[in-house]
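> Quick one, structure for this:
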Amino acid sequence: MQHKTFVAKDGRKVVIRSPRWEDLEDLIEYINSLVDEKVEILLTKKVTREEEAEWLAKRLISIDKGDVIHVVAEVDGEVVAGAEVEKRKYLMSHVGMLGIGIKSPFRGIGIGTIIMETLIEESKKAGLKVLVLDVFDTNNIAKELYEKMGFKEVGKVPKGICKNGKYIDLVKMALELW
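Residues are numbered from 1 along each chain as shown. The predicted model follows:
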């Protein structure tokens, strides 16, 4: 994937690009900041350097093989967001599962929109026909972004998430690319 550069709403330059091995320390800090913040993601415990290195090594191989489309957003040399589309297999090989995360101080300045536009473009180029994602029913800001990008709610898993002893519905959303 080619780099994309744009100016965020706060005036900072943002680079959207593929992840690389040199991002390891930033990726550890990024994912652990989301865990610390207790954002609505499935991960609840901080990752170790070893766990993240293993994940990144596998992810880079999956990107090279074309099984995953993955981008990061970099601001001032630091990775502040990550997103991916993981291609499904077999009779669902036309479907991609999308996930995105953005560090707290970098939300609301247009990074999510540009990342989503990039993933949709790249997914089309990769021949995908449908993108799907899961979102906590309580995550209204994310749901607004997804709806703005054309995703529609296609179902719910009642009480699909249990966070701190509280049950939350898991919303399924989809976007047809053709």
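
> so what's the residue positioned nearest the centre of the chain scoring on pLDDT?
Centroid check for the chain by C-alpha atoms, centre = their mean gives Ile100 as the closest residue, at 1.7 Å. Here the pLDDT value assigned to Ile100 is 97.

> how far away is the closest residue to Lys46 other than its chain neighbours from Lys45?
Closest residue to Lys46 apart from its sequence neighbours, by C-beta to C-beta, 6 or more residues apart in numbering: Asn32 at 4.5 Å. All C-beta atoms are positioned from the backbone trio N, CA, C, and that covers glycine. Distance of Asn32 to Lys45, computed by C-beta to C-beta, to the nearest Å: 9 Å.

> same thing with Gly155?
Using C-beta to C-beta, Gly155 is found at 28 Å from Lys45.

> picking up where we left off before, Asn32 and Lys45: who's more crowded?
Asn32 (16 against 8; other C-beta atoms under 10 Å).

> where's the residue lying closest to Gly108 once chain neighbours are set aside relative to Glu121, distance?
Nearest residue to Gly108, sequence neighbours excluded (C-beta to C-beta, 6+ apart): Lys9, at 7.5 Å. Remark: distance between Lys9 and Glu121 (C-beta to C-beta) = 21 Å.
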